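>>> With the sequence up front, the predicted model follows.
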Amino acid sequence: MVVTVLMRWRTEEYLASKGQSLPEGWFKSDGRFKGWVAPDVCQKLGLATSAAEAWEQGGGGKFQRKISKSDVPSNLKAKGWSDARAFAASQLRKNPNAYFYRHTAPGQPQAQGEWTEEEHEIFIATARKHGVGDKWGLFASYIPNRVGYQCSAYYTQVIIPSGRILDSRFRMDAWGDAVFMGNRGKED
């Protein structure tokens with residue numbers, strides 16, 4: 001019987017195995033975004049300035065992760081959007097994290113492809129100030145023309161493998177891919 005063992009290293013161990021060191025200015029993240037929608041976006045769109053305020057103004061209720069078909073706006077579904085995208089479009093005021101995960105600010109085009117150096121610097125500055133690793137929609141509101149799922153992918157495909165931000169919830173595999181380990185990866 002052949003047993004394959006998959007090696008998974010902390011980012012700094014992986015880089016050392018390749019003869020590299022952590023880049024200048026690296027820092028650690030606890031995997032949590034502690035901010036809210038970017039203040040300029042709140043002001044421009046007239047959004048609430050806190051999660052509690054947004055939820056109350058949006059009618060309150062019980063938070064649910066699962067989308068009910070009746071909650072999906074039919075006019076948005078008619079655009080050919082998935083239920084998730086159509087529902088997210090209806091959440092700008094009540095749950096902006098859901099909205100910005102799939103949408104840019106109204107009237108703002110979504111950037112595609114490679115990230116610019118300016119976007120990279122905004123990403124790092126936002127992560128340093130507010131944390132990073134969850135609430136990708138809220139995080140994306142700080143980066144013009146990018147949405148939450150793009151920020152999440154950039155984090156796992158570029159930022160973590162480069163060692164720019166160390167997140168103990170991830171390990172690097174032999175191919176240089178960041179693998180989410182959850183709390184099992186946390187260091188004590």
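Here it is on my side, so go on.
>>> Whichever helix or strand Glu118 is part of - what's its average pLDDT?
Glu118 belongs to helix 117-130 when elements are defined using DSSP states H and E. Mean pLDDT, helix 117-130: 98.
>>> which residues touch that helix?
25, 27, 29, 33-35, 111, 115, 132, 139, 142-143, 145-146, 151, 154, 159, 164-165 (C-beta atoms under 8 Å, 6 or more residues apart in numbering). All C-beta spots, glycine's among them, are computed from the backbone N, C-alpha and C.
>>> buried residues in that helix?
In terms of neighbour count (16 or more other C-beta atoms under 10 Å), helix 117-130 has its buried residues at Glu119, Ile122, Phe123, Ile124, Thr126, Ala127, His130.
>>> I'd like the distance between the third one and Ser29.
Remark: distance between Phe123 and Ser29 (C-beta to C-beta, to the nearest Å) = 12 Å.
>>> The fifth one now?
Using C-beta to C-beta, Thr126 is found at 11 Å from Ser29.
>>> for the second one, same thing?
Taking C-beta to C-beta as the measure, Ile122 and Ser29 are separated by 16 Å.
>>> related to what we said a few turns ago, show me just the buried residues among the contacts of helix 117-130.
For the contacts of helix 117-130, buried by 16+ other C-beta under 10 Å: 29, 33, 35, 111, 115, 132, 139, 142-143, 146, 151, 154, 159, 164-165.
>>> Any idea which residue is closest to the centre of the protein?
Trp136 (2.6 Å; C-alpha atoms, centre = their mean).
>>> Nearest residue to that one in space, ignoring adjacent ones along the chain?
Spatially, and ignoring its direct neighbours in sequence, Trp136 is nearest to Gly148 (3.4 Å; C-beta to C-beta, 6 or more residues apart in numbering).
>>> Got the confidence number for that neighbour?
97.
>>> That one against Asp134, yeah?
No. Using C-beta atoms under 8 Å as the test, Gly148 is too far from Asp134 to be in contact (10.1 Å).
>>> Give me the contact list for stretch 151-169.
In contact with stretch 151-169 (C-beta under 8 Å, 6+ apart) are residues 10-12, 14-15, 20-23, 25-29, 31, 115, 123-124, 127, 132-133, 136, 139-140, 143, 170, 172, 176-178, 180-183, 185-187.
>>> Okay, and which of these map to helices?
Judged by DSSP state H, those include Thr11, Glu12, Tyr14, Leu15, Phe123, Ile124, Ala127, Trp136, Phe139, Ala140 as members of helices.
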